[in-house]
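# Sharing a model prediction with you, sequence too.
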Amino acid sequence: MAIKRTLTLMLAVALAAGAAGPLVAQSAQNAGVIGGTATDKAKAPYSDYSVRLRSADSRAILRTGALDAQGQFSFSGLALSQPYLVELFDAKANKVICTEGPFALTAQATSRTDVNIDCGKNPMAWLLASAAGAALLAATVQSSSQ
C-alpha cells in the first residue's frame, strides 16, 4: 500500500511540474519592456502629463503611466506577441499630444528603451512616404514606357 501511495505522489508531482512548464514559458513571453523619454514635447512639471500604451492592432489603451521627474517612462511585463503604440497625454488640456510607434517586441529583442516621443520626427513615417513615392514613380515610368 505504501508503494502505491509513493508512486501516486511521484506521479502527481511529475504532472504538476509538467503543467507548470507552460506557465513559466508564458511568463517569460511577457517579459517585454518599452520605455524612453518625452522631454521633447512635455514641459516641466512632468506631473501634468501621462504616457499611454496602446495596442497597435485594436487601439485599446493597455496601460497608463506617469512621467518621472526627468520626463522618462517605462512599461514592463509586456507580451511579445503584439505591436504597441506610445502616446503622450496632456492631463491639463485633456488631449493627446502625439503618438509614436508601432513598436514590436520579439524573443530576440525583448526591450525597446530608447523611445523618444518627439511628434512628427518619426523616421518610419518618412520611410513609408519615400517608399510610396518610389512605387508611384516606378508605376508611372513603367506605364509611360509601354
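That came through fine. Only a predicted model underlies this, so the values are computations on that prediction, with no experimental measurement involved. Numbers count the residues shown, from 1 in each chain.

# C-alpha from now on. contacts and neighbour counts both.
Noted.

# can you pull the pLDDT of the spatially closest residue to residue 63 that is not a sequence neighbour?
Distances taken as CA to CA, 6 or more residues apart in numbering put residue 53 closest to residue 63, at 5.2 Å, once the chain neighbours are dropped. Listed pLDDT for residue 53 reads 97.

# and what of residue 118?
For residue 118, pLDDT reads 92.

# Isn't it up against residue 38?
Yes: shown here, residue 118 and residue 38 form a contact pair, counting by CA atoms under 8 Å, at 6.9 Å.

# the more surrounded of the two?
Each of residue 118 and residue 38 has its neighbours counted (other CA atoms under 10 Å); residue 38 has more, 24 against 18.

# List the contacts of the more buried one.
Contacts for residue 38 (CA atoms under 8 Å, 6 or more residues apart in numbering) come out as 67, 71-73, 88, 116-118.

# Identify, from these, the entry nearest to residue 58.
residue 88 (18.0 Å; CA to CA).

# Where does the closest one sit, in terms of helix or strand?
In the assignment (DSSP states H and E), residue 88 maps to strand 83-90.

# Ok, residue 107 next?
Using DSSP H and E, no helix or strand contains residue 107.

# Not counting residues beside it along the chain, what's closest to it?
residue 80 (6.9 Å).

# State the distance from the one you found to residue 49.
Distance, residue 80 to residue 49, by CA to CA, to the nearest Å: 26 Å.

# how about the strands in this structure?
Counting by DSSP state E, the chain has strands at residues 32-37, 49-55, 61-66, 72-78, 83-90, 95-104, 111-116.

# average pLDDT for the first one?
When pLDDT is averaged along strand 32-37, the result is 96.

# Offset the numbering so it begins at 6, please.
Taking 6 as the first residue, the last one we looked at is strand 37-42.

# got the contact list for that strand?
Counting by CA under 8 Å, 6+ apart, 76-85, 110, 115-122 sit against strand 37-42.

# Among the residues you listed, the buried ones, what's the ChimeraX command?
In ChimeraX, the members of those classed as buried (16 or more other CA atoms under 10 Å) are selected with the following command:
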select :76,77,78,79,80,83,84,85,110,115,116,117,120,121,122
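
# Tell me, how many residues neighbour residue 36?
Neighbours around residue 36, by other CA under 10 Å: 17.
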